[in-house]
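Engineer: Structure for this input, please:
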Amino acid sequence: MEYEVIVVGGGAAGLSAALILGRSRRHVLVCDEGRPRNVLAREVHGFLSREGIDPRELLRIAREQIAVYPTVTFADAYISDAREEERGFVLTDASGAIYRTKKLLLATGMYDELPDIEGLTQLWGYKAFVCPYCDAWEYRGKSLAVIGKGARAEELAAELRQWSQDVCVCEQDSVTHIEEGGCPEVVLRDGSRRQCDAIFLTAPLRLRYPLVDALGLQVRDDGAIAIDDCGRTSVHGCYAAGDAVTTAHQLVLAAASGASAAMAINEDLLEDRAAD
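Structural biologist: Okay, the predicted model is just below:
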């Protein structure tokens, strides 16, 4: 079956786009593998009217509301490859299934490449974070440790002092492991220990899907997909939204960029029809 739009990624950006396109009576398929970046997070913060909600519950509500639009369908699928064809794109998922679409929206997000530090993964999303705007409020006035390298670690520490003056920087290469107890303890190579209430990292971000390379999309120096003001990428008919197009990672911003890209897609489909 050929769709008017396929959205790859079922997070805030992809679902927001699907909502707008569904209301525009477009035949849309949302492909998502069910592994969002914030899968281990317990609460969403900074999303107006949904403060403190479980992120899984937020996605459940979104899908439930989108389900009233009969032209939007969902596939639990990891899209492993994509290529252009004469009037659109051909996508292949991990099982070998093939999908065709006129327009393609990548809302695939990013993932945090955590440093290889023993004990860190157990704290990830629980007492170890990357975003002060998302998680620092809960640790205001408490003891915070920053693990990172060089200037980026110092910049994050300076930012965190808006929430607490008790902030120490632990150079990533000097950390041997983290011990979890009532409060995490960062253990350094010299044997010293830094007890803290929470840890913040300067972990690099990586694109989650291989589709950028498969389609030959232009990427900015910071690693984000290059787009215009409406989400159009360097490949005609392909759009991108959400964390993969910006360094400002907030759910509310991802949702807004998904809506903006969806409107551009609808308008471009109208222009394509007029030109036929």
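Engineer: could you give the mean pLDDT of the longest strand seen in the chain?
Structural biologist: With secondary structure taken from DSSP state E, the chain has its longest strand at strand 98-106. Taken as a whole, strand 98-106 carries a mean pLDDT of 97.
Engineer: who does that strand pair up with?
Structural biologist: Strands adjacent to strand 98-106 in the sheet, as given by DSSP bridges, are strand 2-8 (parallel), strand 88-93 (antiparallel), strand 238-240 (parallel).
Engineer: looking at this structure, which helix or strand is least sure?
Structural biologist: Using mean pLDDT, DSSP states H and E, the weakest-scoring helix or strand in the chain turns out to be strand 205-207, at a mean of 82.
Engineer: contacting residues around that one?
Structural biologist: Identification of contacts with strand 205-207 by CB atoms under 8 Å, 6 or more residues apart in numbering yields 108, 110-113, 223, 225, 243-244. The C-beta positions use only the backbone N, C-alpha and C, and glycine is treated the same way.
Engineer: That one pairs with which strands, and in what direction?
Structural biologist: Applying DSSP bridges, strand 205-207 is found paired with strand 110-112 (antiparallel).
Engineer: Can you name the residues in contact with the strand it pairs with?
Structural biologist: Contacts of strand 110-112 (CB under 8 Å, 6+ apart): 37, 130, 201, 203-208, 243-244, 249.
Engineer: Find the pair from the residues you listed with maximum spatial separation.
Structural biologist: Spatial extent of the contacts of strand 110-112 (CB to CB) is set by the pair L201 and A244 at 19.7 Å.
Engineer: Thought Y239 was touching M263, still the case?
Structural biologist: No: taking CB atoms under 8 Å as the definition, M263 is not a contact partner of Y239, at 10.5 Å.
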